[in-house]
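**Q** my questions are about this predicted structure, shown below with the sequence.
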Amino acid sequence: MSADADQADVEKVLAGDIAAFENIVRRWQGPLINLAYRFCHDRGRAEDMAQEAFLRAYRALGGWRKSAAFSTWLFTIATNLYRSELRRIPQRTISLDDVPEPKKEPKDSRPAHAGEETRDQAVRRAVLALPAKYRETLTLFYFHEQDVAQAARSLGVPEGTVKARLNRGREILRGKLPQLLAELNLRESQ
């Protein structure tokens, strides 16, 4: 349904109805901000980067080939912009060892699903600590549910490269996660 709405709105914009672009922004603003946030981990910067992605998409709207999904085309523009932006002004990275400890809560106040939250927290921390090429690939594939072909187009690399990065990224995570989970479980039990 979104694909049809995207195509209809693009055709309206190209025909001169500039206001139709607002529908595209409304539909894709959340996903583009979320993607940018996963790249930079700063809400304000993510919003600025998403706004710039929309500007670039608007300017290049006539270049969208309808053979590709509009969402893939838009995410490719956004991903390339976000990667360029982070090369231009790199994000401050911190080691997993330097991440502050979470505040301790009384054991009775923890929700029943605290174990799941701990695991999810450990996975997110581990993904954030990955080298950029693996982090970007895993983010698109798992957090933004793009398939290998879409992720490859978004990153501008061959599908085989995406598969290799997914495999290597998962290997790195398998090595780091047991240690992170053990540390988090030890903290919880104290």
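**A** Structure's in. What do you need? Residues are numbered from 1 along each chain as shown.
**Q** can you tell me the element the residue most central in space within the chain falls in?
**A** Of all residues in the chain, the one closest to the mean position by CA atoms, centre = their mean is residue 35, 3.3 Å from it. Assigned by DSSP states H and E, residue 35 falls within helix 21-40.
**Q** what's the answer for residue 53, then?
**A** Secondary structure (DSSP H and E) places residue 53 in helix 43-59.
**Q** just the residues contacting whatever helix or strand comes next after that helix, thanks.
**A** Next in sequence after helix 43-59, counting helices and strands by DSSP H and E, comes helix 70-88. Counting contacts by CB atoms under 8 Å, 6 or more residues apart in numbering, the residues outside helix 70-88 that touch it are 2-3, 6-7, 10, 28, 31-32, 35-36, 39-40, 49-50, 52-53, 56-57, 60, 64-65, 132, 136, 140, 144, 146, 150, 153-156. Quick note: C-beta positions are derived from backbone N, CA and C, even for glycine.
**Q** can you pull the domain assignment for the chain?
**A** 2-88, 102-189 (automatic domain parsing).
**Q** weakest of those domains in terms of mean pLDDT?
**A** Of all the domains of the chain, mean pLDDT reaches its minimum on domain 102-189 (a mean of 77).
**Q** mind listing what's buried along the lengthiest helix in the chain?
**A** The residue-count maximum for a helix in the chain (DSSP state H) belongs to helix 159-189. Within helix 159-189, the residues scored as buried using 16 or more other CB atoms under 10 Å are 161-162, 165-166, 168-169, 172-173, 176-177, 180-181, 184.
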